[in-house]
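Novice: Here is a sequence together with a model predicted from it:
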Number of protein chains: 2
Amino acid sequence: MRAASKRQQIVDAADELFYSRGFSQTSFADIAAAVNISRGNFYYHFRTKDEILDAVIDKRLADRENLLGKWDETSDDPIKRIECFIKIVIVNQAKIMAYGCPVGTLTTELTKLDHASKDKANEIMALFRDWLTRQFEELGCESEAPRHALHVLSWSQGVATLAQAFKNEEFVKREVDQIVQWLVDVANAGATNH
Amino acid sequence: MRAASKRQQIVDAADELFYSRGFSQTSFADIAAAVNISRGNFYYHFRTKDEILDAVIDKRLADRENLLGKWDETSDDPIKRIECFIKIVIVNQAKIMAYGCPVGTLTTELTKLDHASKDKANEIMALFRDWLTRQFEELGCESEAPRHALHVLSWSQGVATLAQAFKNEEFVKREVDQIVQWLVDVANAGATNH
DNA sequence: GACCAATTAGGACAATCGTCCTATTTATGA
DNA sequence: TCATAAATAGGACGATTGTCCTAATTGGTC
């Protein structure tokens, strides 16, 4: 029980550190210090750095699935649900301006490293893509749903990258308003087609 | 003469390696091997890794200024020039799918490292932003020009990130067509206002 | 041919990295 | 209470890192 708790503490700390410093710039010593255990003891919980990475990705996947599940329950209107996604860039604005998007930056880093878990990290991105696709399907734009999903996902990655670069709050708000307007237009166009 | 040439070789090799592997995952040994000099000799040309990074950023800044200058000369129509920028994601598609955007990924990495040269790297992003702003001003949308510039820049970063994640050529083409259409609409709206 | 500066190679250095081994301490349950 | 397992600390290991020093080589100039 306490073992699981300690393991969870390690994964949580690694999650934060991988996000704020990057995976390869986070050492065993960094994580051990964050959870107050010795470097030697670390080996008891995780044998390799890649093991921790996999655990972190699993946690992120679970967290996001949880989040998407909650959004599914917030409203019957898929527009409202997609707006939940859009507004992450505002809800998490402070962290995004400091460290970028946790999903996008990890994907980019692992791909450059050609890391064995890069595909697994991409699954988080795919999770959002597929969820968005379902929302657009419910909106009535069946054949266009996958394209709209990629469009919104791409939009969010761009906003996150520029938010980190320029730290411009107004830019973020403006882009959110713009994409929400686009979303409403898409919904109306889909409705008139039926 | 040969010294300058060797120095240039080093900067070029570092530029490529920083792009494909990332800054902190590129070692002195990697760069030295790429230009066929010994690690010891390296110190004669660059005393610290940060010195190489600064030289690489300077080179990238110069390269981009050069590129933007050429685009300025391609056409009198700012729409055509902005389209040049938009189509980088197609021209450089192969590399972008492999390593992402060189400007965006470096900015992200240095910010996470809290590196002393992060602001300098951001200047490359600002260079594009300011150039785009001038193009939109020429288009006639004066007060909206800075916003449009950020919008296009943000769009390009999003497309690059998703291109790297999903490696979907059709997605890139579709997004390019979409933003070009948006650009034409903006131009028409600006024209009717005058 | 001799001299001087530019350029190069080799290796030392202290620090840090991921990994691993081995005691020791702590907690659990019969 | 005692045996057993879980958990922890400390340190060793080989490799690699950025940095730096020194000696050797090269090339051009008088």
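Specialist: Perfect, thanks for sending it. Just so it is clear, the structure is predicted and the values come from calculations on it, not from any experiment.
Novice: Need the residues that contact the worst-scoring helix or strand of chain A on mean pLDDT.
Specialist: Between all helices and strands in chain A, the lowest mean by mean pLDDT, DSSP states H and E belongs to helix A:2-21, at a mean of 89. Applying Cβ atoms under 8 Å, 6 or more residues apart in numbering or on different chains, the contact partners of helix A:2-21 are A:26, A:30-31, A:34-35, A:37, A:42, A:45-46, A:52-53, A:55-56, A:59-60, A:95, A:98-99, A:102, A:105-106, B:112-113. (Each C-beta comes from the backbone N, C-alpha and C, glycine too.)
Novice: run the last query once more with 7 Å
Specialist: Residues outside helix A:2-21 that contact it (Cβ atoms under 7 Å, 6 or more residues apart in numbering or on different chains): A:26, A:30-31, A:34-35, A:45-46, A:52, A:55-56, A:59-60, A:99, A:102, A:106, B:112.
Novice: ok, now how distant is the residue most central in space within chain A from chain B?
Specialist: Central residue check for chain A by Cα atoms, centre = their mean: the C-alpha nearest the mean position is that of residue A:103, 4.0 Å away. Distance of residue A:103 to chain B, given as Cβ to the nearest Cβ, to the nearest Å: 9 Å.
Novice: my read: that residue touches residue A:122, true?
Specialist: No: using Cβ atoms under 7 Å, residue A:103 makes no contact with residue A:122, being 9.2 Å away.
Novice: ok, the helix or strand hosting residue A:51 near DNA strand C or not?
Specialist: Here residue A:51 is covered by helix A:49-74, with elements defined by DSSP states H and E. Yes: using Cβ under 7 Å from any atom of the strand, helix A:49-74 comes into contact with DNA strand C via A:49-50.
Novice: got the angle between that helix and helix A:2-21?
Specialist: Counting by axes from the mean of the first three to the mean of the last three Cα atoms, to 10 degrees, helix A:49-74 lies at 90 degrees to helix A:2-21.
Novice: Show me what counts as buried in helix A:49-74.
Specialist: Buried residues in helix A:49-74, counted by 16 or more other Cβ atoms under 10 Å in any protein chain shown: A:52-57, A:60, A:64, A:67-68, A:71.
Novice: Then stretch A:146-162?
Specialist: Neighbour count says stretch A:146-162 has A:146-162 buried, by 16+ other Cβ under 10 Å.
Novice: Return the subset of the residues you listed lying in helices.
Specialist: Assigned to helices by DSSP state H, the following of the buried residues of stretch A:146-162 qualify: A:146-162.
Novice: Was I right to think residue A:52 contacts residue A:46?
Specialist: Yes: between residue A:52 and residue A:46 there is a contact at 4.8 Å, judged by Cβ under 7 Å.
Novice: Give me the packing partners of the helix or strand just after the least confident helix or strand of chain A, helices and strands only.
Specialist: Where DSSP H and E defines the elements, the next helix or strand beyond helix A:2-21 is helix A:28-34. Applying 3 or more Cβ pairs under 7 Å, 6 or more residues apart in numbering or on different chains; DSSP states H and E, we find helix A:28-34 packed against helix A:2-21, helix A:39-45.
Novice: which one of those has the most crowded surroundings?
Specialist: Each of the helices and strands packed on helix A:28-34 was scored by mean neighbour count; the highest is helix A:2-21, a mean of 16, by mean count of other Cβ atoms under 10 Å in any protein chain shown.
Novice: which non-adjacent residue is nearest residue A:131?
Specialist: residue A:68 (4.9 Å; Cβ to Cβ, 6 or more residues apart in numbering or on different chains).
Novice: and the gap between the one you found and residue B:175?
Specialist: Applying Cβ to Cβ, to the nearest Å, the value for residue A:68 to residue B:175 is 24 Å.
Novice: Please apply the same query to residue A:14.
Specialist: 34 Å.
Novice: swap in residue A:22?
Specialist: Distance, residue A:22 to residue B:175, by Cβ to Cβ: 27 Å.
Novice: residue ranges with poor pLDDT in chain A?
Specialist: Applying pLDDT under 70 to chain A flags residues A:1-4, A:190-194.
Novice: Name the residues of it found near DNA strand D, please.
Specialist: A:2-3, A:6, A:36-41, A:43-45.
Novice: OK, now which residue of chain A is nearest to chain B?
Specialist: At 2.8 Å from chain B, residue A:158 is the closest residue in chain A, using Cβ to the nearest Cβ.
Novice: now the buried residues of helix A:49-74 as CSV including distance to residue B:141?
Specialist: Listed next are the buried residues of helix A:49-74 as CSV, based on distance: Cβ to Cβ, whole Å:
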residue, distance to residue B:141
A:52, 50
A:53, 46
A:54, 49
A:55, 50
A:56, 45
A:57, 43
A:60, 40
A:64, 38
A:67, 38
A:68, 38
A:71, 36
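Novice: per-domain residue ranges of chain A.
Specialist: When chain A is parsed with automatic domain parsing, its domains come out as A:1-47, A:60-192.
Novice: between those, which gets nearest to residue B:82?
Specialist: domain A:60-192 (16.1 Å; Cβ to Cβ).
Novice: The closest one: how far from the chain's middle?
Specialist: Relative to its parent chain, domain A:60-192 has a centroid offset of 8 Å by Cα atoms, centre = their mean, to the nearest Å.
Novice: can you give me the end-to-end distance of stretch A:92-104?
Specialist: Its start and end residues considered, stretch A:92-104 measures 14 Å (Cα to Cα, to the nearest Å).
Novice: same deal with stretch A:108-123?
Specialist: By Cα to Cα, one end of stretch A:108-123 lies 13 Å from the other end.
Novice: Identify each buried residue in that stretch, please.
Specialist: Of all the residues in stretch A:108-123, those buried under the rule 16+ other Cβ under 10 Å are A:108-112, A:115, A:117-118, A:120-123.
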